[in-house]
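Engineer: sequence plus the predicted model coming up.
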Amino acid sequence: MGTNARQQAIQAIAAARHTLNNHDFRTEHLKDLFGAAVFHEEEQKARLPKPVFKALQKTIKLGVPLDSTVADAVASAMKDWAIEHGATHYTHLFQPMTGLTAEKHDSFLSPTGTGRAIAEFSGKELVKGEPDASSFPSGGIRATFEARGYTGWDPTSPAYIRETPNGATLVIPTVFVSWTGEALDKKTPLLRSMEALSVQALRILRLFGNTEAKKVFTTVGPEQEYFLIDKNFLFARPDLMNAGRTVFGAKPPKGQELEDQYFGTIPERVIACMADAEAEMFKLGIPVKTRHNEVAPSQYEIAPIFEDSNLATDHNQLCMDVLRRTAEKYDLVCLMHEKPFAGINGSGKHNNWSMSTDSGENLLNPGDTPHDNAQFLVFCVAVIRAVAKYPELLRVSVASAGNDHRLGANEAPPAIISIFLGDQLQDVMEQLEANALKSTKQGGYMEVGVTVLPKLPKDAGDRNRTSPFAFTGNKFEFRAVGSSFSIAGPNTVLNTIVAESLDFIATALEKATGGDLSKLNKALQDLMPGILKESKKVIFNGDGYSEEWHKEAERRGLPNLKNTVDAIPTIISKASIDLFGKYKVFTERELQARYTIFCESYVKTVNIEANLMVSMAKTMILPAAVRYQGEVATAVNASKAAGVDCAAQLDHLKELTTTLTTFQKALAALEKAHGHHADGTPYDHAKHFRDHVLPKMVELRTAADTLETMVADDLWPLPTYREMLFIK
């Protein structure tokens, strides 16, 4: 063995020993762990005076404004609870436009002036913080010299304790806004969109005679996919360390073609890491339910139970953070990039979305006979109409340079937004369009052919993993969301476009009935078939990967925004500005800011990757290839001098030299394209990187990956796919 970084990484992995019993669930029960580090409703009830507790619950559940005296009482109880858990500091956690979370820690300590100090935490400190707003992406809303920004307590997402080796911190989820009031974060628009949808959904419920529901929540259960590889490989791969994905890497002899990874036995080291992460998530009140191997080697998934969209968003950000932190304890690294390895499945975040009343009624539950469940049909058709009317907005909500590598490949839905309904619901919708609702297909039972087994209930429709937006029983699954994304953005869009559809339907029904509920059935018969006829172009139950579907989608007039740069202009289209302005989710200025941020993020991401490719090509791949070329040339010359036939070796040298020349030309072409930046707007820069830099990156990678299959193994400096994906 040689001594390059790759070989040292493998040696370190082989010699490593890991402690795998940090949590023993035979003695540590889940019910005792769950919520132990959360200032949840039960804890609030035990610690707050009854009037304060009731006032806080009205704020959380009904949106009633919080009085300052109530805030003081909550802050005092929260501080005492946190200190009992070892907390010395508190932080307002917010979600800036980086897609990550941000925090600034402040101590509870307050000097008394007598040489001593006391622990204090006021309602004012709980409700509002003031981090520097100038160094976060703002898209022009904040200039560098305009530093003031505010965090505001979000009482609907409970505070919690984050434990560290030397103590703990009280974490308070917040929104983040500028001094002039614009949203600088992802949470503020999400909360606005949830309120907008609730208002419109309640109008529909009132038409159906429901006078008890006070609020409608959108609920989400995000399935999180990720990779785990040994951290020694990360240290030997500058691209993984700096970009989160491999910009070079030849296809391994074995990938996922044997289909032996999916739902396979979880390796011991990995399951120990999973169990440790889950224990932490349970303490933080994250209702994780499922874990399993995913399709690609070294790829895994974790999925929670449904929660309201705001809390689910916070919990998913926490989930990603816990996975990353816990992986380090096991000398692993958790990769959240959408496509860390080429040629195998990338990672998504399936966003399972529904609507529910404050009494727990799922508004997208069709029941056993959806054909006569008029309320379900109204809400379902509203979603179909929303997706048909605003597919570009859904597409841009999942747009990023990373997700561009994943969408449309064999594990992810295409960029064309369509809806899968399944056989049962498709049949009902066809009956509805014909205004002849009569029956619902039933699933029945499967005969397995083994007498000892019971009959297995059969669903009335299959699932479709090629659909970006699929109905799955009592929810819609938005499968196009990227694994590294905050789900706040996609859900903000989804909530808003559905709110607009519910508004449209409610307005039409209110006008037709004049408040007389006895006229509702007739009004529905007059309205719903027409909506469905206009919107059915987006319904597709077939293979979303097929070339036939792409042609059919074009014939239907469905947009195919193949990459992020194609999608970005949607953000500031007149339709978007009108929509988000009407429901007070985004101002035009906030949309302009996000348009700029999307452009800048795309450029910065591709720029980093191009820089990495040039650096790695020059300092790692080229030297290894030249050394090997020298060895082969020396061997050829020695064979010639000895009078030995070396035609085969000479052919190999020629092939190697040709590939190396192609590689060097591709490297020079990338440097040239990368060095010539476009003039103009941020969008012009994004187009330049897409049209000129990315193609040259692909050419350089192709040549480099060919060299990897030719250069002597002891000289190749980068850990290979066959090592990173299979050495655990």
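Structural biologist: On my side now, so go ahead. Residues are numbered from 1 along each chain as shown.

Engineer: ok, the residue located most distally from the centre of the chain to Asp651 distance?
Structural biologist: Relative to the C-alpha centroid of the chain, counting by C-alpha atoms, centre = their mean, Gly643 is the outermost residue, at 63.3 Å. Separation of Gly643 from Asp651 (C-beta to C-beta, to the nearest Å) stands at 19 Å. Any C-beta I mention is one placed from the backbone N, CA and C, and that applies to glycine too.

Engineer: now do the SS call for the residue farthest from the centre of the chain.
Structural biologist: Here Gly643 is coil, with the state taken from DSSP: H, G, I helix; E, B strand; the rest coil.

Engineer: which one is His652 nearest to, not counting chain neighbours?
Structural biologist: Closest residue to His652 in three dimensions, ignoring its sequence neighbours and counting by C-beta to C-beta, 6 or more residues apart in numbering: Val632, at 6.4 Å.

Engineer: kindly apply the preceding question to Thr98 instead.
Structural biologist: Pro137 (6.2 Å).

Engineer: ok, that neighbour touching Gly99?
Structural biologist: No. The criterion here is C-beta atoms under 8 Å, and Pro137 misses it with Gly99 at 9.4 Å.

Engineer: those two - which one has more neighbours?
Structural biologist: Using other C-beta atoms under 10 Å, the more surrounded residue of Pro137 and Gly99 is Pro137, with 20 against 17.

Engineer: what about Thr658, neighbour count?
Structural biologist: Neighbourhood size, Thr658 [other C-beta under 10 Å]: 11.

Engineer: equivalent analysis for Leu335, please.
Structural biologist: Around Leu335 there are 26 other residues, counting by other C-beta under 10 Å.

Engineer: for Asp713, same thing?
Structural biologist: By other C-beta under 10 Å, neighbour count at Asp713 equals 11.

Engineer: next one: Val333
Structural biologist: Residues lying near Val333 (other C-beta under 10 Å) number 21.

Engineer: using PDB, write down the CA coordinates of the strand or helix carrying it.
Structural biologist: Secondary-structure assignment from DSSP states H and E places Val333 in strand 332-335. Taking Å, rounded to 0.1, in the frame of the first residue of the first chain, the C-alpha atoms of strand 332-335 are listed here in PDB:
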ATOM      1  CA  LEU A 332     -19.400   8.900  10.000                       C
ATOM      2  CA  VAL A 333     -20.500  11.900   8.000                       C
ATOM      3  CA  CYS A 334     -24.100  12.500   7.000                       C
ATOM      4  CA  LEU A 335     -24.500  13.700   3.500                       C
END
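
Engineer: give me the contact list for that strand.
Structural biologist: Contact with strand 332-335 is made by 226-231, 233-234, 240, 244-245, 269-270, 273, 323-324, 326-327, 347, as judged by C-beta atoms under 8 Å, 6 or more residues apart in numbering.

Engineer: can you list the strands that that strand pairs with?
Structural biologist: Strand 332-335 pairs in its sheet with strand 216-230 (antiparallel), by DSSP bridges.

Engineer: may I have the strand it pairs with as CSV, with CA atoms only?
Structural biologist: C-alpha atoms of strand 216-230 as CSV (Å, rounded to 0.1, in the frame of the first residue of the first chain):
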residue,chain,number,x,y,z
VAL,A,216,-57.5,24.6,9.7
PHE,A,217,-53.9,23.5,9.8
THR,A,218,-51.8,22.1,7.0
THR,A,219,-50.0,19.0,8.2
VAL,A,220,-46.8,17.6,6.9
GLY,A,221,-44.8,14.4,7.4
PRO,A,222,-41.4,14.9,5.6
GLU,A,223,-39.5,11.7,4.8
GLN,A,224,-35.8,12.5,5.0
GLU,A,225,-33.2,10.6,2.8
TYR,A,226,-29.5,10.8,3.5
PHE,A,227,-26.2,9.1,3.0
LEU,A,228,-23.7,7.9,5.7
ILE,A,229,-20.1,7.3,4.8
ASP,A,230,-16.9,7.1,6.9
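
Engineer: so how far is it off the chain centroid?
Structural biologist: Between the mean C-alpha point of strand 216-230 and the mean C-alpha point of its chain there is a distance of 7 Å (C-alpha atoms, centre = their mean, to the nearest Å).
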